[in-house]
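Student: Return a 3D structure for these sequence lines:
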Amino acid sequence: MNMESDSLIKIYTDGACSGNPGPGGWGVFIENSGNVTELSGRDENTTNNRMELKAVIEALKFFTINSKLTIHTDSKYVMDGASRWIINWKKNNWKTAQKKDVKNKDLWIELDNLLNYHDVNWVWVKGHDGIYGNERADYLATSVI
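Tutor: Below you'll find the model as predicted:
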């Protein structure tokens, strides 16, 4: 069964890193009622997980009004973190079950604030599997490194 919502706005996000840590990039491919928007950016010294998070954050920041969005990601880290783990992290003051600071806490807090503003449906996609939006997001992320 397809878990996609009836959202007309489809977002594909991806992050990439040359070395981990190393220079990295993020890419976003948005389909909205037949219109396409592409976003990308880079950091000099980062990790792949930070770039995956940054892609989603920048996609959500693009929408300045409350929106119903479907985010397609090949990052289980981002999807599981945003849809499951974040609940306990917030209850535990951004600590893991092992009482350690959540990695990438700054980005998780920023993402949490954005998720409270938008209605987001998460869809996991297999990376490098020929899905156009995912392939395009990957291209955007890797082209800026």
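Student: Name the SS class of residue 130, please.
Tutor: Classification of residue 130 using DSSP: H, G, I helix; E, B strand; the rest coil returns coil.
Student: Could you check how far it is from residue 13?
Tutor: Noted for residue 130: a distance of 17 Å to residue 13, by C-beta to C-beta, to the nearest Å. To be clear about C-beta, it is placed using only N, CA and C from the backbone, and glycine gets the same treatment.
Student: For the helix ranked longest in the chain, report the contacting residues that lie outside it.
Tutor: The helix that spans the most residues within the chain, counting by DSSP state H, is helix 48-62. Here helix 48-62 makes contact (C-beta atoms under 8 Å, 6 or more residues apart in numbering) with 11, 13-17, 20, 24-28, 30, 37, 39, 41, 43, 69, 71, 73, 75, 77-78, 82, 103-104, 107-108, 110-111, 114-115, 117-118, 120, 137, 141.
Student: List the buried residues in that helix.
Tutor: Using 16 or more other C-beta atoms under 10 Å as the test for burial, helix 48-62 gives 48-60.
Student: how about those in CSV, adding pLDDT?
Tutor: Below are those laid out as CSV (pLDDT from 0 to 100):
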residue, pLDDT
48, 97
49, 98
50, 98
51, 98
52, 98
53, 98
54, 98
55, 98
56, 98
57, 98
58, 98
59, 98
60, 98
